[in-house]
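Undergrad: Here is a sequence with its predicted model. Questions after.
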Amino acid sequence: MPETPFGQWLMTQKDRTGLVGQLATGAQADRRFPRTGDPEAVRKHLTAMQADGDMFDAVDDAELDWLCA
């Protein structure tokens, strides 16, 4: 597991193109975003926020990148 929590890592991805970048931008604007959370915490948060299905795909893609970082 990477040392940086997934939520924090994701917010550093705001300059990326595509859905991961959109997710990261939204995460930075969301005061309730689980910044120290793991990917599952982010999925739970997105579910509570009734996020679009594409954002869940973005979490999946971001999780793979985070694990490889």
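TA: Yep, that arrived. Small disclaimer: the values here were computed from a predicted structure and weren't measured. Numbering: from 1, shown residues only.

Undergrad: tell me the mean pLDDT for stretch 39-53?
TA: Per-residue pLDDT over stretch 39-53 has a mean of 97.

Undergrad: Centre of the chain to that stretch, how far?
TA: How far stretch 39-53 lies from its chain's middle: 9 Å, per CA atoms, centre = their mean, to the nearest Å.

Undergrad: Check which residues of that stretch are buried.
TA: Neighbour-count burial for stretch 39-53 flags Pro39, Ala41, Val42, Arg43, His45, Leu46, Ala51 (criterion: 16 or more other CB atoms under 10 Å). Any C-beta I mention is one placed from the backbone N, CA and C, and that applies to glycine too.

Undergrad: For Ala69, give me the pLDDT.
TA: Reported pLDDT for Ala69: 83.

Undergrad: could we number from 41 for the rest of this?
TA: Got it, the first residue is 41 from now on, which makes the last one we talked about Ala109.

Undergrad: wait, what's in contact with it?
TA: Pro42, Thr44, Trp49 (CB atoms under 8 Å, 6 or more residues apart in numbering).

Undergrad: Likewise for Pro79?
TA: Phe46, Val99, Ala102, Glu103, Trp106.

Undergrad: Secondary structure for those residues - can I get that in JSON lines?
TA: JSON lines is the format used below for the contacts of Pro79 (DSSP: H, G, I helix; E, B strand; the rest coil):
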{"residue": "Phe46", "secondary structure": "helix"}
{"residue": "Val99", "secondary structure": "helix"}
{"residue": "Ala102", "secondary structure": "helix"}
{"residue": "Glu103", "secondary structure": "helix"}
{"residue": "Trp106", "secondary structure": "helix"}
